[in-house]
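# heads up, no residue letters with this:
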């Protein structure tokens with residue numbers, strides 16, 4: 001992507017080489033395309049590496065190790081890997097980045113591969129430090145590209161578990177609402193169902209659509225916004241203990257909080273892209289959150305530990321509902337088809353195949 005010219009091109013770039021003893025050379029096998037990529041294409045956010053006039057796309061990657069440095073201990077040639085996205089800032093006082101938790105960076109000066117000031121993975125060869133790679137079992141080869149989006153939900157689940165510990169009782173019979181039936185929303189719903197949480201997915205697609213059937217196939221209940229307005233949702237499904245927002249629309253996100261039960265937890269993962277003001281009754285929201293001990297937090301990107309958790313969760317999903325997991329990936333194209341794919345979203349998860 002050349003932001004100044006607003007052009008998307010397939011170009012030749014020099015093959016990167018290993019320079020450190022912990023470097024690993026990875027051949028990219030697949031790269032997932034998501035809404036963030038399209039927002040960068042629309043110049044809503046994102047930035048090329050310093051001194052460069054272009055940004056290589058791709059932050060959802062599945063790769064294969066083809067060479068390792070002399071100091072690499074956790075990986076070997078032939079391993080499949082997911083590549084983490086965010087790189088730490090260089091500010092000495094940022095305790096988050098200095099301890100390997102750049103997902104919690106306090107300066108905002110981090111870099112993100114394929115998004116912000118660092119090239120992404122939509123290229124044949126990638127060289128990365130061992131610590132930025134997470135091994136994926138060969139059994140997950142056909143769905144391993146889903147690890148990065150699932151890591152967002154995995155991070156949220158870890159924080160949710162910490163919050164639920166505040167209860168002086170063991171929380172059981174929990175109910176959840178997922179807003180949005182995109183890849184992250186569907187993966188979050190699978191995660192909740194796998195934890196025996198009664199899960200509703202609320203999205204724009206009609207009842208009987210492919211996404212609705214997918215939700216029902218793994219044990220969730222689908223509610224279409226075409227049949228149930230947001231202010232009717234509580235009457236339709238009752239109160240829920242957990243809300244996972246994955247639509248990136250402030251009106252829907254905050255409007256859904258009426259459905260949150262006392263002591264409930266709401267998780268926001270989307271980034272609003274609109275510039276128009278949203279009409280939300282904040283007084284009622286604030287009153288409910290204070291009087292009913294509710295919690296609202298945001299989750300973005302993910303630490304290496306969340307990627308590792310996502311790998312284990314994906315293994316669990318492939319045991320519980322393999323057809324549904326495979327059904328998330330609805331289109332694969334080779335690199336030559338990537339520009340059209342970026343311009344024309346279709347299905348649920350679109351993937352660029354770089355190598356077999």
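That came through, no problem. The shown structure was predicted, so the numbers you read here are calculated from the model rather than taken from an experiment.
# didn't residue 217 look like it was pressed against residue 321?
Yes. Counting by CB atoms under 8 Å, residue 217 does reach residue 321; the two are 6.6 Å apart. Quick note: C-beta positions are derived from backbone N, CA and C, even for glycine.
# neighbour count winner among the two?
Higher neighbour count among residue 217 and residue 321: residue 321, with 18 against 12, using other CB atoms under 10 Å.
# Do I have it right that the more buried one meets residue 219?
Yes. With contact defined as CB under 8 Å, residue 321 and residue 219 form a contacting pair (7.3 Å).
# Leaving out the residues flanking it, which one is nearest to the residue with the largest distance to the centre of the chain?
Most distant from the centre of the chain: residue 70, at 32.5 Å, with distances by CA atoms, centre = their mean. Nearest residue to residue 70, sequence neighbours excluded (CB to CB, 6 or more residues apart in numbering): residue 21, at 4.7 Å.
# Quick one: neighbours of the one you found, just the number.
Residue 21: 11 neighbours (other CB under 10 Å).
# where's it relative to residue 69, distance?
4 Å (CB to CB, to the nearest Å).
# Can you pull the phi/psi pair for the residue positioned nearest the centre of the chain?
By CA atoms, centre = their mean, the mean C-alpha position of the chain lies nearest to residue 149, the distance being 2.8 Å. Backbone torsions of residue 149, given as degrees, to the nearest 10, read phi -60, psi -40.
# Residue 120 now?
Dihedral angles for residue 120 - degrees, to the nearest 10 - are phi -90, psi -160.
# Kindly report the same for residue 351.
Residue torsions, per degrees, to the nearest 10, at residue 351 are phi -130, psi 140.
# ok, it - contacts?
Residues near residue 351 by CB atoms under 8 Å, 6 or more residues apart in numbering: 30-33, 145, 329, 331-333.
# ok, now how distant is it from residue 149?
For residue 351, the distance to residue 149 - CB to CB - is 11 Å.
# For these two, list the residues in contact with both.
Joint contacts of residue 351 and residue 149 (CB under 8 Å, 6+ apart) are residue 32.
# Which helix or strand lies directly C-terminal to the helix or strand hosting residue 97?
If you go by DSSP states H and E, residue 97 is part of helix 95-98. The helix or strand immediately downstream of helix 95-98 is strand 111-113, counting by DSSP H and E.
# now the helix or strand following that following strand: mean pLDDT?
For strand 111-113, the following helix or strand on the C-terminal side (DSSP H and E) is strand 117-118. Averaged across strand 117-118, the pLDDT comes to 96.
# Which elements pack onto strand 117-118?
strand 111-113 (3 or more CB pairs under 8 Å, 6 or more residues apart in numbering; DSSP states H and E).
# any residues touching the strand it packs on, and which ones?
49, 58-59, 83, 85-87, 89, 117-121, 301.
# next one: it to chain centre, how far?
Between the centre of strand 111-113 and the centre of its chain there are 15 Å (CA atoms, centre = their mean, to the nearest Å).
# what does stretch 271-282 give?
Worked out by CA atoms, centre = their mean, stretch 271-282 lies 22 Å from the chain centre.
# can you check stretch 96-110 too?
With CA atoms, centre = their mean, you get 18 Å for stretch 96-110.
# cool, and stretch 70-77?
27 Å.
# what is the rounded mean pLDDT of it?
Regarding stretch 70-77, the rounded mean pLDDT is 97.
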